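*Asks:* I need the structure of the sequence given here:
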Amino acid sequence: MSRQQGTGGKGKSSGRGFKNGKDKVSGRGRDNAKSKSFARGNAPMKKSAQPKKASDSDAIRLNKYIANSGVCSRREADEHIAIGLVTVNGKVVTEMGYKVKMDDDVRYDGARISPEKKAYVLLNKPKGFATTTSEGKGRTVMDLVANATASRIKPIGRLGRNSTGLLLFTNDDSVVKKFTNSKNGVSRLFQVELDKNLKFEDLKAIQEGLKIENNLVTVEEISYIEGQSKNQIGLKIKNTGNTIIRTIFEHLKYDIIKIDCVAIAHLTKKDIPRGHWKHLTIQEINTLKML
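*Replies:* You can find the predicted model right below:
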């Protein structure tokens, strides 16, 4: 419905008028502008629900957001928006000139996009830091990588507060999906120290898969660490957390003294002291994407 300014009698109607000036503000004059009545069949049309617009001070146009993400040009982005291929925070947006914030969930054809530069940070986590992005959890891994990049990176998977070793951070959803894919995943190698030597029959049972609470729990590889006592175990899994490790050994009545992630696929702790991080090289990123 167009919103042309109309008149009612000698005085002008308040604020916005209505088509052809036929609809008048009920009451007598401007002071009653809030009490509007409409003739039947001439009521304002309800617009489809749209996500709340971001304020101009901290927002950019949606087509620019899409173009900066590398999906297409701004002109092409307008076309994609018009035909309903873009959602903001779960709702389709078709309005031209719509503005969004950098932390809005913007998706093109179902896939989340971001105009930020892709970043890949590898941390050698020390003890005493929680793997979380939530505030109010004490010291977290986000404190350790706070100065690594301006991009909003998040950890893939988790290590317990008292676990140590490698943790990968990124804002690249395609890499995150590789780790969280239930069928394939990405291998991680852990060194586990137990409170006592691992019996050979228990090692074989873990190799073959354990039935725990009606679920089959399996690992890729498990072995004693050469040159170490038999309470030092090497364990390779594709699960993104280390909860499965604790589940396995608690089921077999072992206490875990230490868990250390020593490798993620081809990535190792070489030249990364405990508590420090590094940016992945182009070659390491490309290899990661090829897994």
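
*Asks:* For the stretch 51-200 of the chain, give me the ranges with low pLDDT.
*Replies:* Within the stretch 51-200 of the chain, the ranges that satisfy pLDDT under 70 run 51-57, 182.

*Asks:* partner strands of the longest strand along the chain, parallel or antiparallel?
*Replies:* Once the chain is assigned using DSSP state E, the strand that runs over the most residues is strand 256-264. Here strand 256-264 is paired, per DSSP bridges, with strand 164-170 (parallel), strand 188-194 (antiparallel), strand 267-268 (antiparallel).

*Asks:* For whichever helix or strand comes after the shortest one, give me every contacting residue.
*Replies:* Read in the C-terminal direction, the helix or strand following strand 267-268 is strand 277-279, with elements assigned using DSSP states H and E. Contact with strand 277-279 is made by 119-124, 144-145, 148-149, 169, 271-272, as judged by CB atoms under 8 Å, 6 or more residues apart in numbering. For glycine as for every other residue, the C-beta is placed from the backbone atoms N, C-alpha and C.

*Asks:* One more: stretch 280-291?
*Replies:* Here stretch 280-291 makes contact (CB under 8 Å, 6+ apart) with 120-122, 174-175, 178, 186, 265-267.

*Asks:* May I ask which of those has the most neighbours?
*Replies:* Compared across those, Tyr120 has the highest neighbour count, 24 neighbours, by other CB atoms under 10 Å.

*Asks:* Hmm, Ser174 and that residue touching each other?
*Replies:* No. Tyr120 lies out of contact with Ser174 (CB atoms under 8 Å); the separation is 11.5 Å.

*Asks:* What ranges does the stretch 1-150 of the chain have for its strands?
*Replies:* For the stretch 1-150 of the chain, the strands defined by DSSP state E, counting those that start in this stretch occupy 7-8, 11-12, 60-61, 86-88, 91-92, 99-100, 106-108, 111-112, 120-125.

*Asks:* Export these as a markdown table, with columns for distance to Cys261.
*Replies:* What follows is the strands of the stretch 1-150 of the chain, written out as a markdown table (distance: least, CB to CB, whole Å):
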| stretch | distance to Cys261 |
| --- | --- |
| strand 7-8 | 74 |
| strand 11-12 | 72 |
| strand 60-61 | 38 |
| strand 86-88 | 36 |
| strand 91-92 | 39 |
| strand 99-100 | 36 |
| strand 106-108 | 32 |
| strand 111-112 | 27 |
| strand 120-125 | 8 |
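
*Asks:* What residues are bridge-paired with the nearest residue to Val219 once chain neighbours are set aside?
*Replies:* Leaving aside its chain neighbours, Val219 sits nearest to Ile237 (5.1 Å; criterion: CB to CB, 6 or more residues apart in numbering). In this structure, Ile237 bridges to Arg188 when assessed by DSSP bridges.

*Asks:* among the contacts of strand 277-279, which ones are buried?
*Replies:* The neighbour-count criterion (16 or more other CB atoms under 10 Å) marks 119-124, 144-145, 148-149, 169 among the contacts of strand 277-279 as buried.

*Asks:* Closest one of these to Lys230?
*Replies:* Among these, Asn124 lies closest to Lys230 (CB to CB), at 26.4 Å.
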